[in-house]
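Novice: I'll drop the sequence and a predicted model, then ask my questions.
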Amino acid sequence: MTNVTRVGWERGRDSLETSINREWLVANGLGGYASGTLAGVPTRRYHGLLVAALPNPWGRTMMLDHLVEQVDLPEGTQYRLSTERESTADAETKDEVLEQFRLELGLPVWTYLLGGLVLERRLMLAHMQNTVYLRYRLLPHKGGESEDKPITLGLRPAMHFRPHDAPVSRPIDPYTLSLIGDRFEVSTTGPHPSLKMRVEGDSPIFHFYPERQERINYRWEAARGYEAHGTLWSPGLFQAKLSLQHPTYLVASSESWETMDAVEPARAWQYERERRLRLIHAVPSGREDVTAAELILATDQFVIVPAGRVTDSTRAKARGEDLRSVIAGYHWFTDWGRDTMISLEGLTLCSGRFQEARYILHSFAHYVRDGLIPNLFPEGSQEGLYHTADATLWFFHAIDRYLAYTGDSESLRLLLPTLLSIAKAHFDGTVFGIAVDPSDGLLSQGQEGFALTWMDALCDGWVVTPRRGKAVEINALWFNALVLLSTWLESEGEQESAKTYKDAAQRAQESFNRRFWSDGVGYLADRLDKETGAPDFSLRPNQIFAISLPHPILDPSRWQAVVDRVGEALLTPFGLRTLDPHHADFKPNYHGDLRTRDAAYHQGTVWSWLIGPFVEAWLKVHPNERERARSFLLGLRDHLGQACVGQVAEIFDATAPFLPRGCVAQAWGVAELFRTWNLTNAPV
């Protein structure tokens, strides 16, 4: 498969408003990214052409926010490429010129119709660099050959150096522009690295007239209850002649000039195209199936070398390895332990990126503290936060999947002492009340003011979904981890230790089936309360893990009842609802300010990643119906052309029309769609 194209917007098919609501995203393998709307109108604080991943303590930093792009034709007509622009007094200005937006090999391409001319704009980030390339070129008109008269392309860059998640209203620093030949460098009085820019093309010139662009409106920030008006600064205007024979490139970077000069723009584009083709061709399904190929490119956005953690990277290199992690979601998530372990199979193993999977597992093994892996690494920090009860149990699952793909017994031997220390900590009791209850062998967790499961919404000390006690998926994961540990110990000849964990697993399974199941309701309790031990039978998706994991804790005679009940009440075209619509706490929509959103986050809101465990569980009940199982994925497949084109949103409203919400691109949503897309295509 030599090309993979996804059309995300087309004149005559989609409305102008759609081009403002739909988004695009390109990542650079370091955690940095470029992102915006198809129309070129910034609507989020995170929309920018270069968000650089800088060493800690800076973290990801907005370096180049926006470009005002205008085209002057010889006869005097002027076009602005973005949709919302002010008019000019001395020329006729044309708006709404976007003809099509598409992704080619996952990279954004805009086509504009300018009278009798067709202009193409492309964007790319250099892999493992904080460098953005924009390419503009004229194409022959689709109705015939265009007369090759040069036109003038004007590019006015605008910027506001700030942490990418800082309010857009943050005061803007004074800027200094330095010019040395064709090199332009913008710096501030602060500690940030400078932004370096260069335009390559036919007769490029620069007009120095700095200006402040006031009251930029970010509509999504307003809708989310945040500061929504900001200011940008521009140093002036680049201009170049554009013709069929001469494209124009804008290159902007926070790297050194030496790095920028190492590869000319046309060659950089060639290298990135070849890299993306290698990713696709490395996977049989990618070579045969366009959707699989799209998902391979989507997964590539999340696997990163954490640019900020220099100490950890140095330590990994000393071990003969490299540091790797996973960005949980764009735009605002960093790397999270839980999301990384859940996503590992879909992001790396299904894509044949086995060495990177190994690096990820070894990196997180080094981070283990008190028997836990980190929940997350805050932006710009070297140290992780450990407030999670399930991420470490997902670590066992991720190792198991890695071994299933690779048979890497050497890694198992290296990791086994850490895994034994984790198990011991859970039996002895560790932080946040995480401990095995000696009375029944089940795992309990919880501490006042913390939300330790994946249903972790917390707002001003309010734990929205209290799950202190014995949560259903925590114990499904605990049983799975115990069985895996006993199996691995057996393979290493540690029979006595293996029996200890096998017996613990059997005891937990017996207690689980006795205490969580109810014949009266016909499904599993979501948790046993920490204080009273009373079961909470709110119908939630967490019970599906009692079936979907490789070692299911639930008695097989009860599988169909659970799958049917979850399917009837919680299944949507985009994933599973987090609460039964008939429950008094059900929230149909996820919108508004932070408190309103958190109140709905796990109280009905649909999560895309949950389609994976549901399909896995459904196939255990219906092993010969893979075509039907594939049908559960079609809504998310079609979603690839909507919202953030080529990506899967974090969450959706709980009722039709199931509007996408939250992060526009979520690692475990993409990973689970790709994993189960492959699973449902396998022979019976």
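Specialist: Noted; the coordinates are in hand.
Novice: can you pull the phi/psi pair for the spatially most distant residue from the centre of the chain?
Specialist: Ranked by distance from the centre of the chain (CA atoms, centre = their mean), the top residue is residue 75, with 45.7 Å. Per-residue torsions, residue 75: phi -80, psi 0 (degrees, to the nearest 10).
Novice: please apply the same query to residue 569.
Specialist: Torsion angles, degrees, to the nearest 10, at residue 569: phi -100, psi -30.
Novice: what's the closest non-adjacent residue to it?
Specialist: residue 580 (4.8 Å; CB to CB, 6 or more residues apart in numbering). (Each C-beta comes from the backbone N, C-alpha and C, glycine too.)
Novice: surely that neighbour meets residue 586?
Specialist: Yes: between residue 580 and residue 586 there is a contact under CB atoms under 8 Å: 6.8 Å.
Novice: can you give me the mean pLDDT across stretch 260-274?
Specialist: Average pLDDT, stretch 260-274: 95.
Novice: in it, which residues are buried?
Specialist: Buried positions in stretch 260-274, judged by neighbour count with 16 or more other CB atoms under 10 Å: 260, 263, 265, 268-269, 272-273.
Novice: cool, stretch 395-413 as well?
Specialist: By neighbour count with 16+ other CB under 10 Å, stretch 395-413 contains the buried residues 395-403, 408, 411-412.
Novice: and what of stretch 196-214?
Specialist: 196-201, 204, 206, 213.
Novice: next: stretch 594-613.
Specialist: 597-613.
Novice: what helix or strand is residue 184 located in?
Specialist: strand 183-188 (DSSP states H and E).
Novice: name the surrounding residues that touch the following helix or strand past that strand.
Specialist: Next helix or strand after strand 183-188 toward the C-terminus (DSSP H and E): strand 195-200. For strand 195-200, contacts defined as CB atoms under 8 Å, 6 or more residues apart in numbering pick out 50, 63-64, 155, 157, 159, 161, 182-187, 206, 238, 240, 248-255, 257, 260, 265.
Novice: after the longest strand anywhere in the chain, heading C-terminal, what element do we hit next?
Specialist: Identified as the longest strand of the chain according to DSSP state E is strand 202-217. Later in the chain than strand 202-217, the nearest helix or strand by DSSP H and E is helix 219-223.
Novice: got the CA coordinates for that following helix in CSV?
Specialist: This file holds the C-alpha atoms of helix 219-223, laid out as CSV (Å, rounded to 0.1, in the frame of the first residue of the first chain):
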residue,chain,number,x,y,z
ARG,A,219,-14.3,29.4,21.3
TRP,A,220,-13.6,25.9,22.8
GLU,A,221,-11.9,27.5,25.9
ALA,A,222,-15.0,29.6,26.5
ALA,A,223,-17.2,26.6,26.2
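Novice: what about it, average pLDDT?
Specialist: Rounded mean pLDDT across helix 219-223 is 92.
Novice: same question for that helix: list its buried residues.
Specialist: For helix 219-223, the neighbour count (16+ other CB under 10 Å) marks 220-221 as buried.
Novice: ditto for stretch 50-61
Specialist: 50-54, 56, 58-61.
Novice: of these, which belong to strands?
Specialist: Among these, the ones falling in strands (DSSP E) are 50-54, 59-61.
Novice: lowest-confidence helix or strand of this structure?
Specialist: When each helix and strand of the chain is scored by mean pLDDT, DSSP states H and E, strand 93-94 comes last, with a mean of 50.
Novice: that one: what's the following helix or strand?
Specialist: Counting by DSSP H and E, the next helix or strand C-terminal to strand 93-94 is strand 98-104.
Novice: list the buried ones in that next one?
Specialist: Buried residues in strand 98-104 (16+ other CB under 10 Å): 98-103.
Novice: want to throw those residues into CSV with distance to residue 79?
Specialist: Converted to CSV, the buried residues of strand 98-104 look like this (distance: CB to CB, whole Å):
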residue, distance to residue 79
98, 11
99, 12
100, 16
101, 17
102, 20
103, 24
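Novice: can you pull the domain assignment for the protein?
Specialist: 5-277, 311-428, 438-547, 555-684 (automatic domain parsing).
Novice: chain center to stretch 468-483: distance?
Specialist: Distance, stretch centre to chain centre, for stretch 468-483: 26 Å (CA atoms, centre = their mean, to the nearest Å).
Novice: which of the buried residues of stretch 50-61 sits closest to residue 449?
Specialist: residue 59 (26.1 Å; CB to CB).
Novice: how about the closest one, what does it touch?
Specialist: Residue 59 makes contact with 53, 163-164, 308, 379-380 under the criterion CB under 8 Å, 6+ apart.
Novice: of these, just say which sits nearest to residue 291.
Specialist: Among the contacts of residue 59, and counting by CB to CB, the member closest to residue 291 is residue 53, at 29.3 Å.
Novice: I'd assumed residue 325 was in contact with the closest one.
Specialist: No: taking contacts as CB under 8 Å, residue 53 lies outside contact range of residue 325: 11.7 Å.
Novice: overlap in contacts, these two.
Specialist: residue 304.
Novice: show me where the stretch 201-350 of the chain has its strands.
Specialist: Here the stretch 201-350 of the chain has its strands, by DSSP state E, counting those that start in this stretch, at 202-217, 229-242, 248-253, 303-304, 325-326, 329-330.
Novice: residue 150: neighbour count?
Specialist: Residue 150 is flanked by 17 other residues according to other CB atoms under 10 Å.
Novice: still on that earlier bit, JSON lines for the buried residues of stretch 260-274, including distance to residue 81?
Specialist: Listed next are the buried residues of stretch 260-274 as JSON lines, based on distance: CB to CB, whole Å:
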{"residue": "260", "distance to residue 81": "25"}
{"residue": "263", "distance to residue 81": "26"}
{"residue": "265", "distance to residue 81": "19"}
{"residue": "268", "distance to residue 81": "22"}
{"residue": "269", "distance to residue 81": "20"}
{"residue": "272", "distance to residue 81": "23"}
{"residue": "273", "distance to residue 81": "23"}
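Novice: which of the residues you listed sits closest to residue 70?
Specialist: residue 265 (21.3 Å).
Novice: separation between that closest one and residue 200?
Specialist: Between residue 265 and residue 200 the distance is 6 Å, computed by CB to CB, to the nearest Å.
Novice: what sits in contact with each of the two?
Specialist: Shared contacts of residue 265 and residue 200, counting by CB under 8 Å, 6+ apart, come down to 249, 251.
Novice: neighbouring contacts of stretch 452-464?
Specialist: 338, 387-390, 432, 434, 445-446, 449-451, 465, 467, 471, 473-474, 540, 542, 578, 594-595, 598-599, 601-603.
Novice: which stretches of the stretch 201-350 of the chain have low pLDDT?
Specialist: For the stretch 201-350 of the chain, not a single residue meets the criterion pLDDT under 70.
Novice: again, only using 90
Specialist: 214-215, 243-245, 285-288, 306-321 (pLDDT under 90).
Novice: the closest residue in space to residue 302 that isn't next to it in sequence: what's it in contact with?
Specialist: Excluding its sequence neighbours, the residue lying closest to residue 302 (CB to CB, 6+ apart) is residue 667, at 4.2 Å. By CB under 8 Å, 6+ apart, residue 667 lies in contact with 302, 326-329, 339-340, 343, 347.
Novice: ok, which stretches of the stretch 1-150 of the chain are strands?
Specialist: For the stretch 1-150 of the chain, the strands defined by DSSP E, counting those that start in this stretch occupy 5-10, 23-27, 33-37, 48-54, 59-64, 66-72, 78-80, 93-94, 98-104, 107-114, 117-125, 131-139.
Novice: residue 477 should be in a helix, yeah?
Specialist: Yes: assessed by DSSP: H, G, I helix; E, B strand; the rest coil, residue 477 belongs to a helix.
Novice: let's have the chain start at 231 instead
Specialist: Okay, using 231 as the starting number, the last item reads as residue 707.
Novice: give me the distance between it and residue 281.
Specialist: Distance of residue 707 to residue 281, computed by CB to CB: 34 Å.
Novice: just residue 577 next, same as before
Specialist: Residue 577 is 21 Å from residue 281, where distance means CB to CB.
Novice: repeat for residue 264
Specialist: Taking CB to CB, one finds residue 264 at 7 Å from residue 281.
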